[in-house]
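Asks: turn this into a structure:
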Amino acid sequence: MKRFLRPLPFLLVVLSVNLMTSPAHAGLFDDDEARKAISSLSAKLDALSSKVDDQLATKTDKTVVLDQLNQIEALRQEIAKLRGQVEVLSNDVSDNARRQKDFYVDLDNRLRKLEPQKVVVDGKEAQIDQNEQKSYDTALAVFQSGDYSGAANALNTFTQTYPRSVYVPNAQYSLGIAYYAQKDYKNAITTFQALIKASPDSPKAPDAMLNIATCYTEQKDKVQAKKVLLALRSQYPDSAAAKAAADRLSTLK
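Replies: Predicted coordinates for the structure are as follows:
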């Protein structure tokens, strides 16, 4: 009788040590093993309880029965301990799964923010990154605030940093206006000319030519102003700027 029961405590000790010393990343394996151990111990507990009942019914020696009852209680305690460990392991697995899901959701959101965004500027569709958009928005905000000196610096930085940006024609146009507002007609003319040369199809090109003529007029250079106005009417005859050029030509005679 005792020879049959003796290995159980040793099995429980080994099982408990294995459960407590297993690495955290093996949580799923420990959970499964612990559940198997609980099932096995429960079966043995039922068998031992049944045997005790039979022995009580046949009035077996009380010492033997008491020893077996102690073993039953020990088994119950070990099963309770294993169930507690299973619960802890299950909670750990759930927490780890939740943290992993949160991590990937956060990572996905961060990557989406870094992905190029699609924009349409003056009828042209383009991809721009977040830094490019931020740089342009910042420069434009300075321009709209009326700080033309600061705007000139910010817009120059933008066009140099992102020379192929879809925003460059608009940035150059605003830059030319910023120079004009400071009565820096030379740089204003140079900037507008760069816009027309690089982006002749831009909606801003006709207005840029009209502004060049204005800069020459401010410099009292009517000859150059008239020349630019005539070129404007020739190159962009259907534009609103061309109609304005016709009115100005009549005043330059």
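Asks: contacts, neighbours, all on C-alpha from now
Replies: Will do.
Asks: point out the other helices and strands that the helix or strand where Q160 lies packs with.
Replies: Counting by DSSP states H and E, the element that carries Q160 is helix 148-161. For helix 148-161, the packing partners by 3 or more Cα pairs under 8 Å, 6 or more residues apart in numbering; DSSP states H and E come out as helix 130-144, helix 168-181.
Asks: which residues does the longest one contact?
Replies: Yep, that's helix 130-144 we're talking about. Residues outside helix 130-144 that contact it (Cα atoms under 8 Å, 6 or more residues apart in numbering): 113-117, 148, 150-152, 154-155, 158, 162, 167, 171, 174, 178.
Asks: for PyMOL, write the select line for the buried members of the residues you listed.
Replies: If you want just the buried ones from those in PyMOL, going by 16 or more other Cα atoms under 10 Å, the selection is:
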select buried, resi 148+151+152+154+155+158+167+171+174+178
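Asks: among the helices and strands packed on helix 148-161, which is nearest A47?
Replies: helix 130-144 (69.9 Å; Cα to Cα).
Asks: mean confidence score for that closest one?
Replies: Per-residue pLDDT over helix 130-144 has a mean of 96.
Asks: now it - C-alpha only, CSV.
Replies: Included here for helix 130-144 are C-alpha records, laid out as CSV according to Å, rounded to 0.1, in the frame of the first residue of the first chain:
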residue,chain,number,x,y,z
GLN,A,130,5.6,64.7,-43.1
ASN,A,131,8.8,66.9,-42.7
GLU,A,132,8.3,68.4,-46.1
GLN,A,133,4.7,69.3,-45.3
LYS,A,134,5.6,70.7,-41.9
SER,A,135,8.4,72.8,-43.3
TYR,A,136,6.2,74.3,-46.0
ASP,A,137,3.3,75.0,-43.6
THR,A,138,5.7,76.7,-41.1
ALA,A,139,7.2,78.9,-43.8
LEU,A,140,3.7,79.8,-45.2
ALA,A,141,2.5,80.7,-41.7
VAL,A,142,5.4,83.1,-41.2
PHE,A,143,4.6,84.7,-44.6
GLN,A,144,0.9,85.1,-43.7
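Asks: dump the residue contacts of D221.
Replies: Not one residue lies near D221 by Cα under 8 Å, 6+ apart.
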